[in-house]
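>>> Provide a 3D model corresponding to the input given below.
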Amino acid sequence: MYGRIIDAHLIVRRACEKFWRKINIMEVRVRALSAAVLSVLISVVGFGCARGLASEPPKGKPNILFIMSDDHTTQAIGVYGGRLAKLDPTPNIDGLAKNGMRFERVFCNNSICTPSRASIITGQYSQANGVLDLKGYLPEEKQYLPIEMKKAGYQTAMIGKWHLKNEPGAFDYYCVLPGQGKYFDPEFRVRGSMEWPENVMKKEGMHSSDAITDISLDWLRNRRDKSKPFFLMHHFKAPHDLFQNAPRYDDYLEDVEIPEPVNLFDRLDGSAATRGMGSGVDKKASWRLGKKLGIDIELDDRAYAEACYQKFLKRYLRCVKGVDDNVGRLIEYLRETGELENTVIIYTGDQGFFLGEHDLMDKRWMYEESMRMPFIVNWPGVVKPGGVNGWLINNTDFAPTILEIAGVQRPGYMQGSSFAGALRGDDRPDDWRDVTYYRYWMHMAHNLAVPAHFGVRSDRYKLIFFYGGPSGDTPVAWEFYDMQRDPYEMKNLYGDAEYKEIIEKMKEQLKETREALGETDENYPAIQGVIDANWDK
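The predicted model follows:
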């Protein structure tokens, strides 16, 4: 108890010091203004203080801070307005959006950690970059984004979760977790006198979210060349399962009843391919989440699922809270050094994540909670505060967009497209994509019961083909959803006469998209045989 009182005292004291420091900075800047304007400015506190004083966009190349969490889904970010928003789990991330732009339709093309990260670094889909699943790796010569950013005059750094196996040698500086890394006492691989991956440093007594942020702040303060703009990829491990928060968050939400999704007790029933598949919070869950969380098996089925959900969500949100607080530390550093006005801050997750919807956990599926990614950009002087964008975007577009922000045209080998125009307030180009492609290559892996599938999503509709494994161990089926009428994907409309023409059109779009991206199965004859036999069914 005594320790907690001291910790609380320190937190309050530091908050007060920061508040008065902000007031003092503002006072100096506005001393020459009229009393009327001064009174308005002094009433402004928080993230927007320094920003409100900018009179014109900063000159020269901006710094770029790319922050990515692992499995942080839109449902757990307040500004996206989901059922968890009233819990206020992400005030700092919300501040980035309120003073920048929130993207509503950003999707992963392969919702699993390693392939998604490869697409972000390469600007390519899975077959093009060769990273199809968790076994994939990205050699230095394919680490295209840092390669191109260095050409543009940026100093580059990769800190935190890398998960692409090979040395991130294309970066000027790196300090990365081995594989998933550990939540506590994390070790990091660094560049040193020995060959990769033998050079290791350890952060004893620390939670990974704090350690990763400490390392980034040390690089920003002491290790970079301040004559160059920086490109820092700051990657949290959190909130990847099984969630372990820093002890200071143990009581966070302890006495709060977490709102349940409307379809918590509606298992997948879209088609023969998905009926009974997946793993979630119930007793029969193949991944055994409840057992891993220590839920009492003697509870009846519904009580068991509800108890599992509550513990699952609280552990997840405690990790999210640690992420958000550390995002605040990064913002505060940039504000204190005067670099906030010349830094583009991007926040995203490496894919979506199920938080009990359809009684599911994890990701992998092409359903919305898994496929949809958060994406927030704060660019002072360029992005108007409070912007919301609805372009159809996927994670192959991140690299081309970052490069355009840095003043570099998209290299021809990148398959994604820049949406930097959206940040400037431009209209969506006439040739922008009508559908975004998705493919989950793995099949029934890790006791999560997710069959292999691919499909396309348009602004309104989603078409999915579950082809399963080449051995035919799971059924093959199509699913089609009207996301406007059925945002929770409860009713498969494939075969509904009302949508016949739309489905035929989307099948053609799916075929054309796969051919254009080189995502066909010519090299996988068994899979191609399944596709050919079931395409018109």
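
>>> which residues does the residue nearest to Arg189 when sequence neighbours are not counted contact?
The shortest distance from Arg189 to any non-neighbouring residue, by CB to CB, 6 or more residues apart in numbering, is to Pro197 (4.7 Å). The C-beta positions use only the backbone N, C-alpha and C, and glycine is treated the same way. Residues near Pro197 by CB atoms under 8 Å, 6 or more residues apart in numbering: 167, 178, 189.

>>> So the last one: helix, strand or coil?
Three-state assignment for Arg189 (DSSP: H, G, I helix; E, B strand; the rest coil): strand.

>>> Just confirm Ile121 is within a helix.
Yes: under three-state DSSP, Ile121 sits within a helix.

>>> where does the closest residue to it other than its chain neighbours fall, phi/psi-wise?
Leaving out its chain neighbours, the residue that sits closest to Ile121 by CB to CB, 6+ apart is Leu145, at 5.0 Å. Backbone torsions for Leu145, taken as degrees, to the nearest 10, come to phi -60, psi -50.

>>> number of nearby residues for Leu145?
25 (other CB atoms under 10 Å).

>>> how close does it sit to Glu519?
Separation of Leu145 from Glu519 (CB to CB, to the nearest Å): 21 Å.

>>> What helix or strand is Lys314 located in?
Per DSSP states H and E, Lys314 falls inside helix 301-336.

>>> Determine the set of other helices and strands touching that helix.
Applying 3 or more CB pairs under 8 Å, 6 or more residues apart in numbering; DSSP states H and E, one finds that helix 301-336 contacts strand 63-69, helix 91-98, helix 208-218, helix 289-292, strand 343-349, strand 354-355.

>>> hmm, back to that, nearest to Leu299, of the contacts of Pro197?
Nearest to Leu299 out of the contacts of Pro197 is Pro178 (CB to CB; 38.0 Å).

>>> Burial check on the closest residue to that closest one other than its chain neighbours, number of neighbours?
Nearest residue to Pro178, sequence neighbours excluded (CB to CB, 6+ apart): Arg189, at 5.7 Å. Arg189 has 21 neighbours, counted by other CB under 10 Å.

>>> was I right about Arg189 contacting Gly169?
No: contact criterion CB atoms under 8 Å: Arg189 and Gly169 do not qualify, at 11.2 Å.

>>> Need the residues touching each of the two.
Trp196.

>>> okay if I get the contacts of Pro197 as TSV plus pLDDT and distance to Thr337?
Below are those laid out as TSV (pLDDT from 0 to 100; distance: CB to CB, whole Å):
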residue	pLDDT	distance to Thr337
Glu167	98	30
Pro178	98	31
Arg189	98	28
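
>>> now the residues you listed as JSON lines including distance to Ala272?
Shown next, in JSON lines, are these (distance: CB to CB, whole Å):
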{"residue": "Glu167", "distance to Ala272": "45"}
{"residue": "Pro178", "distance to Ala272": "41"}
{"residue": "Arg189", "distance to Ala272": "45"}
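
>>> which among the residues you listed gets closest to Tyr524?
Glu167 (29.8 Å).

>>> wait, isn't the closest one in contact with Glu141?
No: using CB under 8 Å as the test, Glu167 is too far from Glu141 to be in contact (11.6 Å).

>>> Which one's more surrounded, these two?
Each of Glu167 and Glu141 has its neighbours counted (other CB under 10 Å); Glu167 has more, 20 against 10.

>>> any idea how far the more buried one lies from Tyr125?
24 Å.

>>> Per-residue pLDDT of Gly60, please?
Looking at Gly60, its pLDDT stands at 84.

>>> Likewise for Val40?
30.

>>> now Ser34
pLDDT recorded at Ser34 is 34.

>>> Next, find the distance separating Val320 from Asn166.
Distance, Val320 to Asn166, by CB to CB: 29 Å.

>>> In terms of neighbours, single out the busier of the two.
More crowded of Val320 and Asn166, by other CB under 10 Å: Val320, with 30 against 16.

>>> you'd agree the more buried one is up against Ala246?
No: using CB under 8 Å, Val320 makes no contact with Ala246, being 11.9 Å away.

>>> how about the nearest residue to the most centrally placed residue in the chain, chain neighbours excluded?
Nearest residue to the geometric centre of the chain (CA atoms, centre = their mean): Gly349, 0.9 Å. Spatial nearest neighbour of Gly349, excluding adjacent residues (CB to CB, 6+ apart): His72 at 3.8 Å.

>>> burial of that neighbour, as a residue count?
Neighbour count for His72, taken as other CB under 10 Å: 31.

>>> Does it belong to a helix, a strand or coil?
Using three-state DSSP, the secondary structure recorded for His72 is coil.

>>> Trp287 versus that one, what's the distance?
According to CB to CB, His72 stands 20 Å off from Trp287.

>>> So Lys284 versus Lys505, what's the distance?
Using CB to CB, one gets 39 Å for the distance from Lys284 to Lys505.

>>> I misspoke; the intended subject was Met149.
Remark: distance between Met149 and Lys505 (CB to CB) = 39 Å.

>>> helix/strand/coil for the residue nearest to Arg189?
At Pro197, secondary structure determined by three-state DSSP is coil.

>>> Show me the helices in the chain, by range?
2-30, 35-42, 91-98, 113-122, 126-129, 144-151, 208-218, 289-292, 301-336, 368-371, 398-405, 420-423, 500-517, 525-534 (DSSP state H).

>>> Throw those helices into CSV and include distance to Arg457, thanks.
Shown next, in CSV, are the helices of the chain (distance: least, CB to CB, whole Å):
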stretch, distance to Arg457
helix 2-30, 43
helix 35-42, 44
helix 91-98, 23
helix 113-122, 16
helix 126-129, 17
helix 144-151, 25
helix 208-218, 32
helix 289-292, 27
helix 301-336, 25
helix 368-371, 7
helix 398-405, 18
helix 420-423, 18
helix 500-517, 9
helix 525-534, 19
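
>>> For Arg485, find the nearest of these.
So among the helices of the chain, helix 500-517 is nearest, using CB to CB, at 12.4 Å.

>>> Check which helices and strands that closest one sits against.
strand 436-440, strand 453-457, strand 461-466.

>>> Just send these back as a markdown table, with mean neighbour count and mean pLDDT too.
Output for the helices and strands packed on helix 500-517, formatted as a markdown table (neighbours: other CB atoms under 10 Å; pLDDT from 0 to 100):
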| stretch | mean neighbour count | mean pLDDT |
| --- | --- | --- |
| strand 436-440 | 24 | 98 |
| strand 453-457 | 24 | 98 |
| strand 461-466 | 24 | 98 |
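
>>> Lys226 is nearest to which of these?
Proximity to Lys226 (CB to CB) singles out strand 436-440 among the helices and strands packed on helix 500-517, at 38.8 Å.

>>> Surely the residue nearest to the centre of the chain touches Ala76?
No: the pair Gly349 / Ala76 is not scored as a contact, 9.1 Å apart, by CB under 8 Å.
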